[in-house]
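Visitor: Below is the sequence, then the predicted model.
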2 protein chains.
Amino acid sequence: MPADMQATAANDLVSPDRREEVLAAAAECFMRRGYEATSMDDVADALGATKGRVYHHFRSKPELFFEVFRRAIFILIREAGVHETGPGHAADRLRRMARAHILCMMETQAFQRNLTLGVDLYRFGETSAEHKATLEDLMNLRRGYEDAFRRTFAAGAADGSMKALDPSLAMRTLLGAINWVAVWYSPRPGETRAHREKLAEEIVVQVLGGYLA
Amino acid sequence: MPADMQATAANDLVSPDRREEVLAAAAECFMRRGYEATSMDDVADALGATKGRVYHHFRSKPELFFEVFRRAIFILIREAGVHETGPGHAADRLRRMARAHILCMMETQAFQRNLTLGVDLYRFGETSAEHKATLEDLMNLRRGYEDAFRRTFAAGAADGSMKALDPSLAMRTLLGAINWVAVWYSPRPGETRAHREKLAEEIVVQVLGGYLA
DNA sequence: ACGCGAACATACTCGGCAGTATGTCCTCGC
DNA sequence: GCGAGGACATACTGCCGAGTATGTTCGCGT
């Protein structure tokens, strides 16, 4: 019934970010079933809509995924990356970065899981030149974010707040541990922000212990 | 040309584990493109064969994947899990387990990556009762392997060789860090076993540092 | 009050992929 | 030397999913 649907849409006032809803639904679907297994109809169903709506906002399935990916990195940079330039020793800054990163994994899980998927798509996927280029951009964004951790490890060795380890390797093991949160974490019913912050704190203590001076 | 192919097959003597080749090719393909994106023809192509061969050894695509998954866990249990019962403090045993685990990630990467894929398939996939049951079995195997780490963390708190942290959380952060190796690691040309062992050792030192007493 | 475009829905096409049915060859036991 | 079965290849079918073409409705500017 098109008439019903249109009426409903009309009730949503000016609909500021109907596009955003599609993006969130896509992130959820991609996380649950994976990129290839998710059909555009799946995304539409999750919205109680049809493909028409999805294709109205996004040109193709790859571009939809790219937007999810981009959003995921932007969130990480905004929430965690900013702490690179902050007060205190490198160890303190790294603590804040890791803490924020973990909270992102828990609270925007659907988007963050797709970050890992995207990396695989980049390494092995056979995409057409057009997409290859935008994928390259996205990978650079990701690399830039990782570099913030690498630099902070190096800074920690310099200011004496952390052990002098290979910064690249340290970055990888640290990010591995905290990225993995998005894999196993699933929110308890009735869980509050305070709970998540406490959990994040615990993880930070365990994970960073090995790098401190 | 069937004649040619058959002749070639004949040259392979009694073909002890032609099935094994299919399994390895499948693991490689699943890792590269993901489960859904991989077609049975892809697997066949990787072997220079056709679907006929694949379906001769495996009933269906899910069962093929399950076998890859099962193989991955068996390798981990055989190489790393066995060190749970060994000499020394819990910290020493955990070190050996982690070290072996990391080496598995590097040397049987194709199989190990699919372990992660399988977990997602389990959590969200819509499989028919038959498959759901075998998936359940596989998950129990995996859980059992993880429990070895959990128990060793608890043992470490008991024998004083490690900090008294939540063993479940510690297991997750540790496995996260070392599972991630399979994500970023890619073998350098001309790399020897010795190189990998050194790298594994470095990772173990960094990662376990936070848990030691 | 009217036309225009945004925001969808509906109804198709068409290629690719899982699975099957059947044929072919080689080997091994007898 | 011959019949049976293992180990594939070839040739299909049927469906599912990406993308497209074409309505349809509503709000908005004029």
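Guide: Thanks, I have it.

Visitor: CA only for contacts and neighbour counts going forward, please
Guide: Will do.

Visitor: Poorly predicted segments of chain A, please.
Guide: A:1-16, A:125 (pLDDT under 70).

Visitor: so which strand or helix has the residue most central in space within it?
Guide: Closest to where the C-alpha atoms of chain A average out (CA atoms, centre = their mean) is residue A:112, at 2.7 Å. Per DSSP states H and E: residue A:112 is located in helix A:109-124.

Visitor: one step back: may I ask which helix or strand encompasses the residue lying closest to the residue nearest to the centre of chain A once chain neighbours are set aside?
Guide: If the residues on either side of it in the chain are set aside, residue A:112 comes closest to residue A:72, at 5.5 Å by CA to CA, 6 or more residues apart in numbering or on different chains. According to DSSP H and E, residue A:72 maps onto helix A:61-79.

Visitor: Mind giving me the packing neighbours of the helix or strand following that helix?
Guide: Proceeding N to C from helix A:61-79, the next assigned helix or strand is helix A:90-107, under DSSP H and E. Applying 3 or more CA pairs under 8 Å, 6 or more residues apart in numbering or on different chains; DSSP states H and E, one finds that helix A:90-107 makes contact with helix A:61-79, helix A:129-159, helix A:167-179, helix A:181-184, helix A:193-208.

Visitor: For the longest one, which residues meet the burial criterion?
Guide: Read that as helix A:129-159. For helix A:129-159, a neighbour-count test (16 or more other CA atoms under 10 Å in any protein chain shown) marks A:135, A:138-139, A:141-142, A:145-157 as buried.

Visitor: likewise stretch A:81-89?
Guide: By neighbour count with 16+ other CA under 10 Å, stretch A:81-89 contains the buried residues A:81-84, A:89.

Visitor: now the helices and strands packed on helix A:90-107 as TSV including distance to DNA strand C?
Guide: Output for the helices and strands packed on helix A:90-107, formatted as TSV (distance: least, CA to the nearest atom of the strand, whole Å):
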stretch	distance to DNA strand C
helix A:61-79	15
helix A:129-159	17
helix A:167-179	30
helix A:181-184	25
helix A:193-208	31
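
Visitor: Helix, strand, or coil at residue A:37?
Guide: coil (DSSP: H, G, I helix; E, B strand; the rest coil).

Visitor: I'd like to know how far the closest residue to it other than its chain neighbours sits from residue A:33.
Guide: The shortest distance from residue A:37 to any non-neighbouring residue, by CA to CA, 6+ apart, is to residue B:36 (5.6 Å). According to CA to CA, to the nearest Å, residue B:36 and residue A:33 sit 9 Å apart.

Visitor: can you tell if the helix holding residue A:112 touches DNA strand D?
Guide: No: Helix A:109-124 does not reach DNA strand D (CA under 7 Å from any atom of the strand); its nearest approach is 15.0 Å.

Visitor: which other residues reach that helix?
Guide: By CA atoms under 8 Å, 6 or more residues apart in numbering or on different chains, the surrounding residues in contact with helix A:109-124 are A:24, A:27-28, A:30-31, A:34-35, A:68-69, A:71-73, A:104-105, A:132, A:135-136, A:139, A:182-183, B:32-33.

Visitor: you'd agree the residue nearest to residue A:37 is up against residue A:39?
Guide: No: in terms of CA atoms under 8 Å, residue B:36 does not count as a neighbour of residue A:39; the distance is 11.4 Å.

Visitor: Between the two, which contacts overlap?
Guide: Common contact partners of residue B:36 and residue A:39 (CA under 8 Å, 6+ apart): none.

Visitor: Pull up the gap between the residue of chain A at minimum distance from DNA strand D and residue A:62, please.
Guide: When distances are taken as CA to the nearest atom of the strand, chain A reaches nearest to DNA strand D at residue A:39, 3.0 Å away. For residue A:39, the distance to residue A:62 equals 11 Å [CA to CA].

Visitor: what is in contact with those two at once?
Guide: Taking CA under 8 Å, 6+ apart as the criterion, residue A:39 and residue A:62 do not both touch any residue.

Visitor: domains in chain A, as residue ranges please.
Guide: Chain A breaks down into these domains under automatic domain parsing: A:12-58, A:62-208.

Visitor: Name the stretch among the ones you listed that sits most buried.
Guide: Among those, ranked by average contacts under mean count of other CA atoms under 10 Å in any protein chain shown, first place goes to domain A:62-208 (a mean of 18).

Visitor: Give me the distance from it to the chain's centre.
Guide: 7 Å (CA atoms, centre = their mean, to the nearest Å).

Visitor: check contacts around residue A:150.
Guide: For residue A:150, the contact set (CA under 8 Å, 6+ apart) comprises A:167-168, A:170-171.

Visitor: near chain B, which of the residues you listed show up?
Guide: residue A:170 (CA under 8 Å from any CA of the partner chain).

Visitor: circling back: any idea of the angle the helix holding residue A:112 forms with helix A:129-159?
Guide: 110 degrees (axes from the mean of the first three to the mean of the last three CA atoms, to 10 degrees).

Visitor: hmm, helix A:109-124 in reach of DNA strand C?
Guide: No: Helix A:109-124 is not in contact with DNA strand C by CA under 7 Å from any atom of the strand; minimum separation 14.5 Å.

Visitor: Having no further points to raise, I will conclude here.
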